[in-house]
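Trainee: No letters, just coordinates:
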Ligand code: COI
């Protein structure tokens with residue numbers, strides 16, 4: 001797919017939002033990337049066009065049977081002016097795994113990364129620069145056949161939109177509160193839990209509303225069979241510091257293989273912190289909390305970054321974690337990860353990729369401090 005990417009200029013550009021009130025996913029840039037798939041030609045007609053509504057047949061597959069996959073990644077503005085992407089190859093690998101599960105034709109990952117870089121370069125002035133801010137990148141693929149039979153579509157669109165964002169949970173300093181959902185389930189093994197597809201999030205919405213009605217920020221899902229083992233949170237993977245170890249649910253087919261999850265595991269191992277990817281029963285966790293052994297809980301995700309958890313509710317019990325504050329490990333992980341993403345910390349593992357702008361070849365900041373996680377070995381779930 002070494003095809004050209006055409007550019008269609010907008011008649012008018014939008015006013016930029018107030019960078020003090022971005023929130024998450026509220027604003028969208030001037031342009032989007034679009035590419036079409038037909039069975040005879042494959043992926044074709046790559047183009048950057050003005051951001052705007054799509055025209056789709058009301059019978060399109062996406063509206064009826066949810067044939068869709070998506071990704072979430074970010075572009076960061078470094079202090080030295082460079083624009084950086086964080087492990088985009090991992091996102092594209094996961095997008096193609098999701099495509100496989102949803103029976104959607106795969107994309108050429110390198111080409112899509114090239115398209116993302118081109119789109120981000122066009123929209124460079126939309127990248128917010130304050131701490132904790134970035135340009136969120138949302139690639140997604142939808143089935144577009146106008147046909148009501150339950151069958152994979154034969155035509156698709158890949159679209160990439162961009163949104164300047166701040167912290168996902170608004171006030172990033174305040175730890176989130178989490179409700180352990182024991183009635184509804186998100187996914188089961190053999191289903192689509194490991195894929196990034198809209199249906200997983202649609203299935204989560206009723207429980208999310210329930211958690212909010214009860215005064216909690218997010219839902220912690222238990223396994224779909226026994227309702228005993230912790231899986232993931234609404235918009236992030238989950239980690240527990242128990243004594244001197246860190247536990248996170250093992251990837252079992254119903255959990256999203258997060259890029260931030262993988263980066264955190266690698267950082268922890270590099271720091272000599274014992275990490276266990278294992279089955280974690282919620283009962284055991286609450287027992288550990290009773291014995292004061294549950295030291296920290298935090299979520300990880302592209303949108304959520306590292307989000308400390310201050311409260312956990314399960315059945316009629318509520319536990320306060322780390323005194324409701326951000327623990328030292330979550331803080332260190334947040335600082336290291338965002339430091340790597342924004343070029344403040346020297347990128348020894350080679351996780352960032354620069355978006356080159358015409359006529360700019362800035363060197364890595366001399367001030368960048370050092371961190372040395374293990375060399376890259378991409379996870380391929
Ligand atoms: C992300 O972290 O990028 C996600 O896609 C989570 C999203 C549901 C907000």
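Mentor: Thanks, I have the structure now. Computed from a predicted structure; not experimentally measured. Numbers count the residues shown, from 1 in each chain.
Trainee: so how far is stretch 12-23 from its chain's centroid?
Mentor: 22 Å (CA atoms, centre = their mean, to the nearest Å).
Trainee: Sorry, slip of the keys, the one I care about is stretch 223-231.
Mentor: Distance, stretch centre to chain centre, for stretch 223-231: 22 Å (CA atoms, centre = their mean).
Trainee: Which parts of the stretch 251-381 of the chain are helices?
Mentor: 259-270, 282-290, 328-341 (DSSP state H, counting those that start in this stretch).
Trainee: For the stretch 1-150 of the chain, give the residue positioned nearest to the ligand.
Mentor: Going by CB to the nearest ligand atom, the ligand is nearest to residue 72 of the stretch 1-150 of the chain, at 2.0 Å. Glycine gets a C-beta too; all of them are placed from N, C-alpha and C.
Trainee: Does that residue touch residue 140 like I think?
Mentor: No - contact criterion CB atoms under 8 Å: residue 72 and residue 140 do not qualify, at 9.7 Å.
Trainee: in which helix or strand would I find residue 112?
Mentor: Taking DSSP states H and E as the criterion, the element that holds residue 112 is helix 109-122.
Trainee: Tell me the buried residues in that helix?
Mentor: Applying a neighbour-count criterion of 16 or more other CB atoms under 10 Å, one finds 109, 111-113, 115-122 buried in helix 109-122.
Trainee: Tell me the residues of the stretch 101-250 of the chain that contact the ligand?
Mentor: The stretch 101-250 of the chain comes close to the ligand at residues 201, 235, as judged by CB under 6 Å from any ligand atom.
Trainee: quick one: low-confidence ranges for the stretch 101-250 of the chain?
Mentor: Counting by pLDDT under 70, the ranges of the stretch 101-250 of the chain that qualify are 171-173.
Trainee: Now the element after the helix holding residue 112, going C-ward?
Mentor: Next along the chain after helix 109-122, taking DSSP H and E as the criterion, comes strand 134-143.
Trainee: Adjacent strands (with direction) for that next one?
Mentor: strand 68-70 (antiparallel), strand 73-77 (antiparallel), strand 155-165 (antiparallel) (DSSP bridges).
Trainee: residues of the shortest one that come out buried?
Mentor: For strand 68-70, the buried set under the neighbour-count rule, 16+ other CB under 10 Å, comprises 68-70.
Trainee: And stretch 26-43, by the same measure?
Mentor: So for stretch 26-43, counting by 16+ other CB under 10 Å, buried means 27-37, 43.
Trainee: Write out the residues of the stretch 251-381 of the chain neighbouring the ligand.
Mentor: Residues of the stretch 251-381 of the chain lying close to the ligand by CB under 6 Å from any ligand atom are 301-303.
Trainee: Can you tell me which of those is nearest residue 221?
Mentor: Nearest to residue 221, judged by CB to CB, of those is residue 301 at 13.9 Å.
Trainee: Test my guess that the closest one contacts residue 234.
Mentor: No - Residue 301 lies out of contact with residue 234 (CB under 8 Å); the separation is 9.6 Å.
Trainee: Now the residue of the stretch 1-150 of the chain closest to the ligand: phi and psi?
Mentor: phi -140, psi 120 (degrees, to the nearest 10).
Trainee: Pull the number of nearby residues for it.
Mentor: 20 (other CB atoms under 10 Å).
Trainee: any idea how far it is from residue 333?
Mentor: Residue 72 sits 19 Å away from residue 333, going by CB to CB, to the nearest Å.
Trainee: got it, and residue 213?
Mentor: 31 Å.
Trainee: These two - which one has more neighbours?
Mentor: Neighbour count, other CB under 10 Å: between residue 213 and residue 333, residue 333 has more, with 26 against 9.
Trainee: For the more buried one, give me its contacts.
Mentor: When contacts are counted by CB atoms under 8 Å, 6 or more residues apart in numbering, residue 333 touches 264, 267-268, 298, 306.
Trainee: Pick out the most distant pair among these.
Mentor: Using CB to CB, the two most remote members of the contacts of residue 333 are 267 and 298, lying 12.6 Å apart.
Trainee: So which of those two has more stuff around it?
Mentor: The residue with more neighbours, out of residue 267 and residue 298, is residue 298; 31 against 21, by other CB under 10 Å.
Trainee: wait, isn't that one in contact with residue 233?
Mentor: No - Residue 298 is not in contact with residue 233 according to CB under 8 Å; the separation is 10.0 Å.
Trainee: Number of residues surrounding residue 65?
Mentor: Neighbourhood size, residue 65 [other CB under 10 Å]: 18.
Trainee: Quick check: the gap between it and residue 142.
Mentor: Residue 65 is 11 Å from residue 142, by CB to CB.
Trainee: go on, residue 343?
Mentor: Counting by CB to CB, the gap from residue 343 to residue 142 is 34 Å.
Trainee: follow-up on the earlier one: give the contact list for the residue of the stretch 1-150 of the chain closest to the ligand.
Mentor: Residue 72 neighbours (CB under 8 Å, 6+ apart): 91, 136-138, 196, 301-303.
Trainee: any chance of those in TSV, with distance to residue 7 and neighbour count too?
Mentor: Output for the contacts of residue 72, formatted as TSV (distance: CB to CB, whole Å; neighbours: other CB atoms under 10 Å):
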residue	distance to residue 7	neighbour count
91	23	24
136	22	23
137	18	23
138	20	17
196	28	24
301	32	22
302	27	22
303	28	20
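Trainee: distance of the spatially most distant residue from the centre of the chain from residue 242?
Mentor: What lies farthest from the middle of the chain is residue 291; by CA atoms, centre = their mean that is 33.4 Å. Per CB to CB, residue 291 is found 10 Å from residue 242.
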